[in-house]
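[1] predicted model follows, preceded by the sequence.
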Amino acid sequence: MTLRLDIDPGAATAPYEQLRTQISELARSGTLPVGYKLPTVRGLAEQLGLAANTVAKAYRALETDGVIETRGRQGTFVAAAGDAAARKAAAAAAEYATHARRLGLDRAAALAAVEEALRAAYS
């Protein structure tokens, strides 16, 4: 399997974010299976015509999100992203619920705030 990524240098979205988004979507859809070995930072940077720091920044963000994992000298691999994403989303939701309650928001107001944030994030 060949990793096919397209970076648009003229896009409003930063190249590292384009890279992060594409790899994340490919992993979550199963197009990149769990255990798939990603190219090295330098290799992918050369392939895409990007600075190595740009690819490294995307890889760090993906690792933080639980989408990929680095195994030392063995390389960087697609992790079980769905499980990690679900756990992180549940933890963030629980933290938000606790914070909203401390602020004195009722359930309807807390849900309205979430809906508005999701609307903004997905538009």
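    Perfect, thanks for sending it. Numbers count the residues shown, from 1 in each chain.
[2] tell me where this structure has helices.
    In the chain, the helices defined using DSSP state H lie at 15-29, 41-48, 52-64, 81-102, 107-121.
[3] with mean neighbour count added, can I get those helices in TSV?
    C-beta coordinates here come from the backbone N, C-alpha and C atoms, glycine included. Formatted as TSV, the helices of the chain follow (neighbours: other C-beta atoms under 10 Å):
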stretch	mean neighbour count
helix 15-29	19
helix 41-48	16
helix 52-64	18
helix 81-102	12
helix 107-121	11
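[4] lowest average pLDDT across these?
    Ranked by mean pLDDT, the helices of the chain bottom out at helix 81-102, which scores a mean of 80.
[5] out of the helices of the chain, which gets nearest to residue 72?
    Of all these, helix 52-64 sits nearest to residue 72, with 12.9 Å by C-beta to C-beta.
[6] how about the closest one as CSV, C-alpha atoms only?
    This file holds the C-alpha atoms of helix 52-64, laid out as CSV (Å, rounded to 0.1, in the frame of the first residue of the first chain):
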residue,chain,number,x,y,z
ALA,A,52,10.9,18.0,8.1
ASN,A,53,9.7,20.2,11.0
THR,A,54,6.3,20.4,9.3
VAL,A,55,5.9,16.6,9.1
ALA,A,56,7.3,16.2,12.7
LYS,A,57,4.7,18.7,14.0
ALA,A,58,1.9,16.7,12.3
TYR,A,59,3.3,13.4,13.6
ARG,A,60,3.4,14.9,17.2
ALA,A,61,-0.2,16.1,16.9
LEU,A,62,-1.3,12.7,15.6
GLU,A,63,0.6,10.9,18.4
THR,A,64,-1.1,13.2,21.0
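[7] what about the residue nearest to residue 78 when sequence neighbours are not counted, distance to residue 60?
    Distances taken as C-beta to C-beta, 6 or more residues apart in numbering place residue 36 nearest to residue 78, at 4.4 Å, with adjacent residues excluded. Separation of residue 36 from residue 60 (C-beta to C-beta, to the nearest Å): 18 Å.
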